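Novice: predicted coordinates and the sequence they were generated for:
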Amino acid sequence: MTRRLTTSFARSAIGVLISLACIYLVLRGVDLGKTADLLGSARPAWLALAVVGILADLFFRALRWQCLIAPICRVPLRRLSAYMLIGYLANNVLPARLGELVRSHYLGDREGISRSATLGTVVVERIVDTVILVAIGAASILILNVRGVVVSAILVGVAVAGLLCVALAVALAAHRLPGAARVAAFLDRWPRIVGIAIRLRHGLRVAALPRTIALSAVLSVAAWSCTVLVVLAVGQALGLQLTLGEGALLAAGTNLATAVPSGPGYLGTFEIAGQSIAAAFGIPATLGLALALLIHVLTLAVSSIGGVVALARLGWGRRAVAPETADSAG
């Protein structure tokens, strides 16, 4: 237990340090007074449209998770949306994307299914998300003919997406690989770990269902299309006439940056990515910061309010489940 707490603390501390470093880099050479003026002059009608885009984005994400978890358990969309929002709320207040664990455990406890299998579906969801985001970013770069650090970041994303896909394929086919029997015999000394690994793989196996993956990819495209709409609407609110390609690259780049371990709410990493990409379009640093900050604040506000409402409605305590379903949780 002490070792686990130490590891969690170290991970959180690294994330906070990364956020602080990014905040320092973002604020260098920025006129904070002008940034505040820009934020204060944002046009409400366009901000309202951005909020609608965020809500639509969350709807498609909930549908996607329902699609991925359906082979394991049928969960009504209303409850699943609540679990997802509670996880997003945790992501907004906890460092290093710990909210993904929170929503997996919350759904597992409330629905009486394996928490490890649930986490497996979240892992698949993250991989699908990353692949779609990288594809959007790469297409935007080709269309806009962007150069510099933005291209390098997207290329890194391509490599990471490839590695994630390979790792997922290996995890699914691990029992067929040479030497698998010897490894299994060695791991039999720790039956609890083996049990968790088996249940996690059960969740990962949804990636081997072509129809499920195809539908989740389509829903991911729909969700990120809404995110692009949010970026374009916020740009309009600040008087920026962003093109569709620029909005897509900003949406992809800022959200890929949230994969970097950081403090609560991806503070700093989101802003530095948005400011850097905006600079590639010739947007001044102060205006780029205002754009990234407003997108970030709206997204955090909507998801956090949704998470608080969901938590108030469902409560935090574990719901009683039937014995036959409780046995499968773990």
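Specialist: Now that the structure is in, tell me what you want to look at.

Novice: what sits against the nearest residue to residue 147 once chain neighbours are set aside?
Specialist: Leaving aside its sequence neighbours, residue 147 sits nearest to residue 280 (Cβ to Cβ, 6 or more residues apart in numbering; 7.7 Å). C-beta here means a position set from N, CA and C on the backbone, and glycine is covered the same way. For residue 280, the contacting residues are 146-148, 150, by Cβ atoms under 8 Å, 6 or more residues apart in numbering.

Novice: just the buried members of these?
Specialist: 146, 150 (16 or more other Cβ atoms under 10 Å).

Novice: ok, so of the contacts of residue 280, who is nearest residue 128?
Specialist: residue 150 (23.0 Å; Cβ to Cβ).

Novice: and that closest one, what element?
Specialist: According to DSSP states H and E, residue 150 maps onto helix 149-173.

Novice: buried ones in that helix?
Specialist: Buried residues in helix 149-173 (16+ other Cβ under 10 Å): 150, 153-154, 157, 161, 164, 168, 171.

Novice: what lies in contact with it?
Specialist: With contact meaning Cβ under 8 Å, 6+ apart, helix 149-173 is reached by 123-124, 126-127, 130-131, 133-134, 137-138, 141, 177, 201, 204-205, 207-208, 249, 252-253, 256-257, 259, 273, 276-277, 280.

Novice: 7 Å instead, please
Specialist: With contacts defined as Cβ atoms under 7 Å, 6 or more residues apart in numbering, helix 149-173 is touched by 127, 130-131, 134, 137-138, 141, 201, 204-205, 207-208, 253, 256, 276-277, 280.

Novice: any idea how far the spatially most central residue of the chain is from residue 200?
Specialist: Nearest to the geometric centre of the chain sits residue 126, at 6.5 Å (Cα atoms, centre = their mean). Separation of residue 126 from residue 200 (Cβ to Cβ, to the nearest Å): 14 Å.

Novice: how about low-confidence regions in the stretch 201-330 of the chain?
Specialist: Where the stretch 201-330 of the chain drops to pLDDT under 70, the residues are 317-330.

Novice: can you give me the helices in it?
Specialist: Secondary structure of the stretch 201-330 of the chain (DSSP state H, counting those that start in this stretch): helices located at 210-237, 244-257, 269-280, 285-314, 323-326.

Novice: what packs against the longest one?
Specialist: Packed against helix 285-314 by the contact rule (3 or more Cβ pairs under 7 Å, 6 or more residues apart in numbering; DSSP states H and E) you find helix 32-40, helix 44-69, helix 77-93, helix 210-237, helix 269-280.

Novice: make JSON lines from the ones you listed and add distance to residue 25 to it.
Specialist: Output for the helices and strands packed on helix 285-314, formatted as JSON lines (distance: least, Cβ to Cβ, whole Å):
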{"stretch": "helix 32-40", "distance to residue 25": "15"}
{"stretch": "helix 44-69", "distance to residue 25": "26"}
{"stretch": "helix 77-93", "distance to residue 25": "22"}
{"stretch": "helix 210-237", "distance to residue 25": "21"}
{"stretch": "helix 269-280", "distance to residue 25": "6"}
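
Novice: so which of the ones you listed comes closest to residue 26?
Specialist: helix 269-280 (4.8 Å).

Novice: give me the angle between the closest one and helix 244-257.
Specialist: Angle between the axes of helix 269-280 and helix 244-257 is 150 degrees (criterion: axes from the mean of the first three to the mean of the last three Cα atoms, to 10 degrees).

Novice: could you check how far helix 269-280 is from the centre of its chain?
Specialist: 18 Å (Cα atoms, centre = their mean, to the nearest Å).

Novice: check stretch 97-104 too.
Specialist: Remark: stretch 97-104 is offset 10 Å from the chain centroid, using Cα atoms, centre = their mean.

Novice: not counting sequence-adjacent ones, nearest residue to residue 105?
Specialist: residue 115 (5.0 Å).

Novice: gap between the two ends of stretch 26-41?
Specialist: Using Cα to Cα, to the nearest Å, the end-to-end distance of stretch 26-41 comes to 21 Å.

Novice: average pLDDT across that stretch?
Specialist: What stretch 26-41 shows for mean pLDDT is 92.

Novice: buried residues in that stretch?
Specialist: So for stretch 26-41, counting by 16+ other Cβ under 10 Å, buried means 26-27, 30, 35, 38-39.

Novice: any chance of the residues you listed in CSV, plus distance to residue 98?
Specialist: Shown next, in CSV, are those (distance: Cβ to Cβ, whole Å):
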residue, distance to residue 98
26, 23
27, 26
30, 30
35, 30
38, 33
39, 29
